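> Build me a structure from this.
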Amino acid sequence: MAQSENSAQSKLEQFLSEGLNTPSLNQSTEKPFPNREPVKHLLIGSEKAVTRTIHRLQLSGYASVGDWSPLVPTGNQDEVMNILIRQILMQ
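Have a look, this model is predicted:
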């Protein structure tokens, strides 16, 4: 069970770090989306509840199903997590 939790945590950390604006030596320090900031949405629950929520958010026009990360087990029985990073306009 501990290995499963470490694997889920590792996948979560990898996904979150990919969404951060951490420039490498070859990248510009300018933001990729001027006047925008990332917002990270995290859904945790049963696979059915998380999937249903994602579909409802698509129906409302907020985010497409394909915008979300793959389902990742949390290490808790019958529980998964899913992440969406959106860039929101800041004025």
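
> mean confidence for the helix or strand harbouring I54?
Here I54, judged by DSSP states H and E, is contained in helix 47-59. Averaged over helix 47-59, pLDDT sits at 97.

> So which bits of it are buried?
V50, T51, I54, L57 (16 or more other C-beta atoms under 10 Å). All C-beta spots, glycine's among them, are computed from the backbone N, C-alpha and C.

> Not counting that helix itself, show me its contacts.
L43, I44, G45, A63, S64, V65, W68, L71, D78, V80, M81, N82 (C-beta atoms under 8 Å, 6 or more residues apart in numbering).

> Look up phi and psi at T74.
phi -90, psi -20 (degrees, to the nearest 10).

> Just the CA atoms from stretch 36-49 would do, formatted as PDB, please.
Taking C-alpha atoms only, stretch 36-49 is exported to PDB below (Å, rounded to 0.1, in the frame of the first residue of the first chain):
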ATOM      1  CA  ARG A  36      -2.800  35.100 -17.000                       C
ATOM      2  CA  GLU A  37      -2.200  33.000 -13.900                       C
ATOM      3  CA  PRO A  38      -2.500  29.300 -13.500                       C
ATOM      4  CA  VAL A  39      -5.300  27.800 -11.300                       C
ATOM      5  CA  LYS A  40      -5.100  24.200 -10.400                       C
ATOM      6  CA  HIS A  41      -8.200  22.200  -9.800                       C
ATOM      7  CA  LEU A  42      -7.900  18.900  -7.900                       C
ATOM      8  CA  LEU A  43     -10.800  16.400  -7.800                       C
ATOM      9  CA  ILE A  44     -10.600  13.500  -5.300                       C
ATOM     10  CA  GLY A  45     -13.200  10.800  -4.900                       C
ATOM     11  CA  SER A  46     -14.500   7.600  -6.300                       C
ATOM     12  CA  GLU A  47     -13.800   7.000 -10.000                       C
ATOM     13  CA  LYS A  48     -17.500   7.400 -10.700                       C
ATOM     14  CA  ALA A  49     -17.900  10.700  -8.800                       C
END
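
> i'd like the first residue to be 7 from this point on
Taking 7 as the first residue, the last one we looked at is stretch 42-55.

> What are the buried residues along that stretch?
Buried residues in stretch 42-55 (16+ other C-beta under 10 Å): H47, L49, G51.
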